[in-house]
Each structure stands twice: as structure tokens, then as C-alpha cells.
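Student: Structure for this input, please:
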Amino acid sequence: MTERLKVMTIFGTRPEAIKMAPLVLELQKHPEKIESIVTVTAQHRQMLDQVLSIFGITPDFDLNIMKDRQTLIDITTRGLEGLDKVMKEAKPDIVLVHGDTTTTFIASLAAFYNQIPVGHVEAGLRTWDKYSPYPEEMNRQLTGVMADLHFSPTTKSATNLQKENKDESRIFITGNTAIDALKTTVKETYSHPVLEKLGNDRLVLMTAHRRENLGEPMRNMFRAIKRLVDKHEDVQVVYPVHMNPVVRETANDILGDHGRIHLIEPLDVIDFHNVAARSYLMLTDSGGVQ
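Tutor: The predicted model follows:
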């Protein structure tokens, strides 16, 4: 019997999980050839668990590193140590990571230290400004340096990698796995209590959470949203507020008393995709949503 290829997928946040879920499910369809090993850092615990439940994915290893008001140093040190132990135990033939999170970076680094090949899904996105987005731009650039295989969503992202002198034979244009996830989650018939409040008004779905937008940039953003809604009487905003306590405090302070701005709890992936599909406009600072 041919020895199976041990493929370890590693992710830690909800956006990663959404985009990696179709890949995990596809790997699991070929047990005769592939041993699929799912590892999560749980960099974002609650939001990650929603996606795992929806797609029916049970991690083989769960580091559960999240803690209140965690810093990038917390995520990096706790995650790197945990992933090193997991890789030494599981001994994967290849590690697959996604995008540009801190989990992506430390998983690539742990794999490099253990001399395990790395495949980078959603490779090649660039701004070439290491502080924007922060820390994602540096996470994905450093991951690109360590990756052995680059799975790019677009021709442009593949070209970015070629400009960085990556081996063209190791760059593959694959499209975006988020589209595969949408095929599972978006329904023709769908209802949600917040949609029932809107009547015939135009729905603007908003997300805002990025680290570099915290503080005055986010306050300015929310003030602009408020002015937009005041100017257009047929517009209502739905904002699933991120779990970050700083974001929640700012949102409630500026937007909480407006009758046509609905601050709601984070939506699971099925609800978010279906509300998005019924929106007139989306306002977001999220790379995953874009």
C-alpha cells in the first residue's frame, strides 16, 4: 500500500477558516491518498468555532491560545511554541497556511524550523507598505519568503511573486477559495430578524475592526457613516460589531443611539454571507470580506 501524504492545514481566525474549509473538506475526500491533519491556534476562539461547526470540521490539534486583550507578542510566542510541539508529534509532509494572519506567519516559521515544506494559499497580495495593513503585510511577505509553493488567487498576485524572484514553477493561480465557501453558504431563500426591520430601505452592511484603524481613525469612520445615514433617509446600516472591546466601545459611543444603524452581534458565516448577498452596498476594512 502506498504511504499516504500527511497534509497539515493550520489556521486560527474566522476568515482563515472560511477560506480553508473547502480545502480541508476536499482533502478529507481522499483518505486513501491523503492523511488530513487540521490544526487550529484559535487566535480568535469564538468566531473560529462558529465556522468549524458550520462546515463540520473537527480539529486534530487545538492550541486554544486566545486570551483577553492579547497582543501580537502573545499570539506569536504562545502559538509558535505550540505549533512546534504539534509538528514534532504529527510529522506532516507539508503544511498549508492561508493569507496573512499572525497564525499564518508563525505556522510557516515553525514549519521552516522543522524543515517541513510550506504551501501558502492566497499568496502574493501586496501593498509593499509594511505598516499597512498591519501586521498582515509583513506576515504575508515573510510567509512568502518561507513558502515552497505559492497558490495565488489572481494573475496580479502571481505577478507580484514573480517580481520578488519567486520560482515561477512553484506559483499556481488557483482562484479564491472564499468563492468555494459561498457555494455552500449562500441560500436562495433566507430570512433574518434584522432584514425584517428594513422594509424597502437600502441595506448597507458594514464591518470595521482593523488594528491600524483603532482610535481616532475609527471614530472618524463611524462619524462619516452617521452623516451618510442622516443624509439618505432610505438607507439603513447593519453593523455586526467585532468582539474586540475597544471596537465595541467606540461603536456604541458613536453609533449606538441611531435609529437606522443596527449594531448587532457578530454573524456566523452563513448569516453574514446571506445578509451580504442582499446588501445594496458593503463598507469594510476587512481583507477577507473584500
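Student: which ones are touching residue 272?
Tutor: Shown in contact with residue 272 (C-beta atoms under 8 Å, 6 or more residues apart in numbering): residue 240. Every C-beta, even on glycine, is put in place using the N, C-alpha and C of the backbone.
Student: Use 44 as the first number for this chain going forward.
Tutor: In the new count, where the first residue is 44, that last one comes out as residue 315.
Student: which element is it on?
Tutor: Using DSSP states H and E, residue 315 sits within helix 312-320.
Student: mind listing what's buried in whatever helix or strand comes next after that helix?
Tutor: Scanning forward in sequence from helix 312-320 by DSSP H and E, the next helix or strand is strand 324-327. Buried residues in strand 324-327, counted by 16 or more other C-beta atoms under 10 Å: residue 326.
Student: Then stretch 292-305?
Tutor: By neighbour count on 16+ other C-beta under 10 Å, the buried set for stretch 292-305 is 293, 294, 297, 298, 303, 304, 305.
Student: Now flag whichever of those is closest to residue 216.
Tutor: Nearest to residue 216 among the buried residues of stretch 292-305: residue 294, at 38.0 Å, using C-beta to C-beta.
Student: Distance check, the closest one against residue 310.
Tutor: Residue 294 sits at a distance of 15 Å from residue 310 (criterion: C-beta to C-beta, to the nearest Å).
Student: Okay, helices next: where are they in this protein?
Tutor: With DSSP state H as the criterion, the chain has helices at 57-70, 88-98, 115-133, 145-156, 179-189, 198-206, 220-228, 236-239, 259-274, 288-298, 312-320.
Student: Which one, of the ones you listed, ends up nearest to residue 170?
Tutor: helix 179-189 (5.4 Å).
Student: Return the list of helices and strands in contact with the closest one.
Tutor: Contacts defined by 3 or more C-beta pairs under 8 Å, 6 or more residues apart in numbering; DSSP states H and E place helix 179-189 against helix 145-156, strand 161-164.
Student: Mean neighbour count, mean pLDDT and distance to residue 252 for the ones you listed - can I get that in TSV?
Tutor: What follows is the helices and strands packed on helix 179-189, written out as TSV (neighbours: other C-beta atoms under 10 Å; pLDDT from 0 to 100; distance: least, C-beta to C-beta, whole Å):
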stretch	mean neighbour count	mean pLDDT	distance to residue 252
helix 145-156	24	98	15
strand 161-164	24	99	22
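Student: got a markdown table for those, with distance to residue 110 too?
Tutor: Below are the helices and strands packed on helix 179-189 laid out as a markdown table (distance: least, C-beta to C-beta, whole Å):
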| stretch | distance to residue 110 |
| --- | --- |
| helix 145-156 | 14 |
| strand 161-164 | 27 |
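Student: Using PDB, write out every CA atom in the helix or strand bottoming out on mean pLDDT in the chain.
Tutor: Sorting the helices and strands of the chain by mean pLDDT, DSSP states H and E puts helix 88-98 at the bottom, at a mean of 85. Output of helix 88-98 as PDB, limited to C-alpha atoms (Å, rounded to 0.1, in the frame of the first residue of the first chain):
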ATOM      1  CA  ARG A  88     -11.700  31.400  19.700                       C
ATOM      2  CA  GLN A  89     -15.500  32.200  19.500                       C
ATOM      3  CA  MET A  90     -15.500  33.300  15.900                       C
ATOM      4  CA  LEU A  91     -13.400  30.400  14.700                       C
ATOM      5  CA  ASP A  92     -15.700  27.800  16.500                       C
ATOM      6  CA  GLN A  93     -18.700  29.100  14.500                       C
ATOM      7  CA  VAL A  94     -17.100  28.300  11.200                       C
ATOM      8  CA  LEU A  95     -15.800  24.900  12.400                       C
ATOM      9  CA  SER A  96     -19.300  23.900  13.400                       C
ATOM     10  CA  ILE A  97     -21.000  25.100  10.200                       C
ATOM     11  CA  PHE A  98     -18.600  23.200   8.000                       C
END
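Student: Having no further points to raise, I will conclude here.
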